[in-house]
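1. Here is a sequence with its predicted model. Questions after.
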Amino acid sequence: MSAPKTLFEKIWDAHVVKRTAGYPDALFIDRHFIHEVTSPQAFDGLRQRGIGLFNTQRTTATADHNVPTKDQHLPIKEALSRHQVETLRKNCKEFGVDLYDLGHPYQGIVHIIGPELGLTLPGMTIVCGDSHTSTHGAFGNIAFGIGTSEVEQVMATQCILQYKPKTMKIEINGKLGNGVVSKDIILYIISKISASGATGFFVEYAGDAIRSLTMEARMTICNMSIEMGARGGLIAPDETTFNYIKGRKFAPAGVVFDNKVEEWKKLRSDDGAVYDRVLTFDAADIAPMITYGTNPGMGIKVTDRIPTVEELKEISEQTSFKKSLEYMGLQPGTSLLGKPVDYVFIGSCTNARIEDLRLVASIVKGKKKAGNVEVWIIPGSKQVEAQAKQEGLDKIFEQAGFELRSPGCSACLGMNEDKVPAGKYCISTSNRNFEGRQGPKSRTFLASPLSAAAAAITGKVTDVRELV
Amino acid sequence: MKEKFTTLKSTGVPLPVENIDTDQIIPARFLKATTREGFGDNLFRDWRYDANNQPIVDFVLNNQKYAGKILIAGKNFGCGSSREHAAWAIYDFGFRVVVSSFFADIFKNNALNNGLLPIVVSDQFLKQLLETVAQKPNTQIEVDLEKQTITTGEATEKFEINAYKKTCLMNGYDDIDYLLSLKDETKKFDLAHA
Ligand code: SF4
């Protein structure tokens, strides 16, 4: 009998092409996603070396980070952005990579289209030049973000050099309360362990509260693993996973699918497998969460107060804490409830799947947005957009005074024109509240789609449990 | 071939802020270039310039007193986005070493892949280095990659670096050369994982 292994170790070990003492492991990569922002310099590198992709079939491209969310059928107005997207087109054509370009029915945010198209499967190794690649881990695979030099490595060699990270298990047991969703779970965990609490680790999420979640909800959790410093997060696949994959465009079908499912069922941590760290939380303790500061670890239950300087765990945090609250225009020790917001952003690879849009619709149906807020809903993909329209969600949004735009990363990172103006508050379903993330001097409150929808209706930070 | 790194003697620039994320190092709106050059102009853009593009005098990079090839920053440096542009911007600006008590993983890899040496020191050493340099901007700091030491005046600390990455930095090698040599083994995996 070999020693019991964690799921992470099983997948990792199955992909080691070469292990040499003193060297990082050369890891085989099954699936590589690319987009316009972090790929051009990698393609240039290939050109300089005079080589092509190792296997074009394993790479899929889309345009998402730097695309307009209005009038996507027109040429992109801003010259640099247009050039970036045109460069992607040119590169994909020259190197023979499949591209889901603007206007294509499969275009969308890279981490949303992978699962949606059945390109993301259990047991794989997946990389992309974007830190939220961890999203794909919801299917029980090893998925992590990489830099552009590594993008070039994977294109050229289908391998990446990596040190095996440590493993952490985070177990959430029990039942979630009313108005509490998966975004709250992950914001809660990060607030407990801090924005660097899992650096150097790969996290496996487990426990019955995780098991009861849909694939969409699991993706939200794995997505934000990086916000506590982890390289990635994963969840062992189960029936929920297999049902989601079945029938997707590029997923295996028929007998092949059935055989695959039998293989995938083995993808679980062995009894007695040892993790470097184990944390356990009780779902009943989780409430609707909101961040008040400028890193995702600075979060509280919406009904709690912002901590005071004295309440901080580490003295070394004081300077950053003060700087952060000053940036946010907030006072230590105060509550956020009732704080007026100016913008509501519903989007990003964290929360722009169909289920997220349904959550929003469930709150706003038959209601109107408050006069002081502007609401942007940016679906995660063309397929999400089409589905929302088919279900009539677009009508609900329109009646509420929301704008349903076209897919892209949008105000998650503010690379295109969707920027929150300086000093304005935005309650956002995205994943980062860094200074200036949503536009220079913009102020971000991270929250769930339910909480964002509630704020859209009331015009201020609201405990969504009062509306459900 | 990348620039080789062996030893460095330079003054340093202190930036005693924790959790500096890559959005601060290079904001997303400056990621539109399709080459690696020129990102240094926008390094720490929103800390360096105000809304009217005027330099913010308090910010350390605008302070004539401080210069050098070593950036010294608070813990958890480089967290957030995986953008390699952050490492390019720091390098392009002229830094060759970043010292902190803790680095985010992806940033560390990106830095090492671009000839920028991230040095992890103890909290104690970092605190002292930040104070010394803030008070005496002309303090010389010596980095010896072979010996894995960082020294200022009396204080020396040994730092860890992976043996493979050390070899790459000292010789200017990159990972692709090594991985390309594994082509035949990789082909087998490519077929087996179809
Ligand atoms: S939505 Fe935001 S976090 Fe997700 S891929 Fe786009 S920029 Fe990255």
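-> Happy to help now that I have it.
2. all helices in chain B, in order from the N-terminus.
-> Ranges of helices within chain B are B:22-25, B:45-48, B:85-93, B:105-112, B:123-135, B:163-171, B:175-180, B:183-192, based on DSSP state H.
3. pLDDT wise, what is residue B:2 at?
-> The model reports residue B:2 with a pLDDT of 72.
4. sorry, back to before: now the helices of chain B in JSON lines, please, with extra columns for mean neighbour count.
-> Where you see a C-beta, it was placed from the backbone N, CA and C, and this is true even at glycine. Shown next, in JSON lines, are these (neighbours: other Cβ atoms under 10 Å in any protein chain shown):
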{"stretch": "helix B:22-25", "mean neighbour count": "24"}
{"stretch": "helix B:45-48", "mean neighbour count": "19"}
{"stretch": "helix B:85-93", "mean neighbour count": "25"}
{"stretch": "helix B:105-112", "mean neighbour count": "26"}
{"stretch": "helix B:123-135", "mean neighbour count": "17"}
{"stretch": "helix B:163-171", "mean neighbour count": "17"}
{"stretch": "helix B:175-180", "mean neighbour count": "20"}
{"stretch": "helix B:183-192", "mean neighbour count": "14"}
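5. closest to residue A:94 out of the ones you listed?
-> helix B:175-180 (19.0 Å; Cβ to Cβ).
6. does chain A sit close to the closest one?
-> Yes - part of helix B:175-180 sits near chain A under the criterion Cβ under 8 Å from any Cβ of the partner chain, namely B:175-176, B:178-180.
7. Next, report how far that helix is displaced from the centre of its chain.
-> 23 Å (Cα atoms, centre = their mean, to the nearest Å).
8. Quick one: mean pLDDT for it?
-> 89.
9. neighbouring contacts of that helix?
-> With contact meaning Cβ atoms under 8 Å, 6 or more residues apart in numbering or on different chains, helix B:175-180 is reached by A:23, A:26, A:45, A:49, A:149-150, A:152-153, A:156-157, A:159-161, B:113, B:168, B:186.
10. Of those residues, which is the nearest to the ligand?
-> For the contacts of helix B:175-180, the closest approach to the ligand (Cβ to the nearest ligand atom) belongs to residue A:150, at 16.3 Å.
11. Dump the C-alpha coordinates for the one helix or strand the closest one maps to into PDB.
-> Here residue A:150 sits within helix A:148-157, counting by DSSP states H and E. Listed next in PDB are the C-alpha coordinates belonging to helix A:148-157 (Å, rounded to 0.1, in the frame of the first residue of the first chain):
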ATOM      1  CA  THR A 148       3.600  35.900 -19.200                       C
ATOM      2  CA  SER A 149       7.100  34.200 -19.300                       C
ATOM      3  CA  GLU A 150       5.200  31.100 -18.100                       C
ATOM      4  CA  VAL A 151       2.600  31.600 -20.700                       C
ATOM      5  CA  GLU A 152       5.400  31.400 -23.300                       C
ATOM      6  CA  GLN A 153       6.800  28.300 -21.500                       C
ATOM      7  CA  VAL A 154       3.500  26.500 -21.800                       C
ATOM      8  CA  MET A 155       2.900  27.500 -25.400                       C
ATOM      9  CA  ALA A 156       6.400  26.300 -26.300                       C
ATOM     10  CA  THR A 157       6.700  23.200 -24.200                       C
END
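12. From the contact counts, what lies against that helix?
-> strand A:31-34, helix A:40-49, strand A:125-128, strand A:159-162, helix B:105-112, helix B:175-180 (3 or more Cβ pairs under 8 Å, 6 or more residues apart in numbering or on different chains; DSSP states H and E).
13. which residue packs closest to residue A:467, ignoring adjacent ones?
-> Of all residues not flanking residue A:467 in the chain, residue A:454 sits nearest, at 5.2 Å (Cβ to Cβ, 6 or more residues apart in numbering or on different chains).
14. got the phi/psi numbers for that neighbour?
-> Torsion angles at residue A:454 (phi, psi; degrees, to the nearest 10) stand at phi -60, psi -40.
15. Could you check how far it is from the ligand?
-> 22 Å (Cβ to the nearest ligand atom, to the nearest Å).
16. ditto for residue B:73
-> Between residue B:73 and the ligand the distance is 24 Å, computed by Cβ to the nearest ligand atom.
17. So in terms of bridging, what pairs with that residue?
-> Beta-bridge partners recorded for residue B:73 (DSSP bridges): residue B:15.
18. cool, and residue B:150?
-> Residues in a beta bridge with residue B:150, per DSSP bridges, are residue B:143, residue B:157.
19. What separation do you get for residue A:190 and the ligand?
-> In terms of Cβ to the nearest ligand atom, residue A:190 sits 15 Å off from the ligand.
20. show me what contacts residue B:130?
-> By Cβ under 8 Å, 6+ apart, residue B:130 lies in contact with B:14, B:16, B:72, B:74.
21. Check residue A:276 too.
-> Contacts of residue A:276 by Cβ under 8 Å, 6+ apart are A:166-168, A:201.
22. What are the neighbouring residues in contact with the residue most central in space within chain B?
-> Centroid-nearest residue in chain B, with Cα atoms, centre = their mean: residue B:98, separated by 4.1 Å. Contacts for residue B:98 (Cβ under 8 Å, 6+ apart) come out as B:70-73, B:77-78, B:90, B:111, B:116-119.
23. Out of these, which two sit at the greatest distance?
-> Farthest apart among the contacts of residue B:98 by Cβ to Cβ are B:70 and B:78. That separation is 15.5 Å.
24. give the contact list for residue 68.
-> No chain in the question, so chain A it is. Taking Cβ under 8 Å, 6+ apart as the criterion, residue A:68 is in contact with A:76-77, A:81, A:406, A:408, A:416-417.
25. Chain B was what I was after
-> Taking Cβ under 8 Å, 6+ apart, we find residue B:68 in contact with B:10-13, B:141.
26. before we move on, what about residue A:169?
-> Residues near residue A:169 by Cβ under 8 Å, 6+ apart: A:6, A:203-206, A:269, A:275, A:277-279.
27. now do residue A:19
-> The contact partners of residue A:19, by Cβ under 8 Å, 6+ apart, come to A:25-26.
28. Contact residues of the stretch 1-150 of chain A facing chain B?
-> A:15, A:17-18, A:22-24, A:26, A:28, A:30, A:37-38, A:40-41, A:44-45, A:49, A:54-55, A:58, A:66, A:80-81, A:83-84, A:87, A:129-131, A:145-150.
29. If any of these are buried, put those into a PyMOL selection.
-> In PyMOL syntax, the buried subset of the residues of the stretch 1-150 of chain A next to chain B is picked out as below (16 or more other Cβ atoms under 10 Å in any protein chain shown):
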select buried, chain A and resi 15+17+18+23+24+26+28+30+37+38+40+41+44+45+54+58+66+81+83+84+87+129+130+131+145+146+147+148+149+150
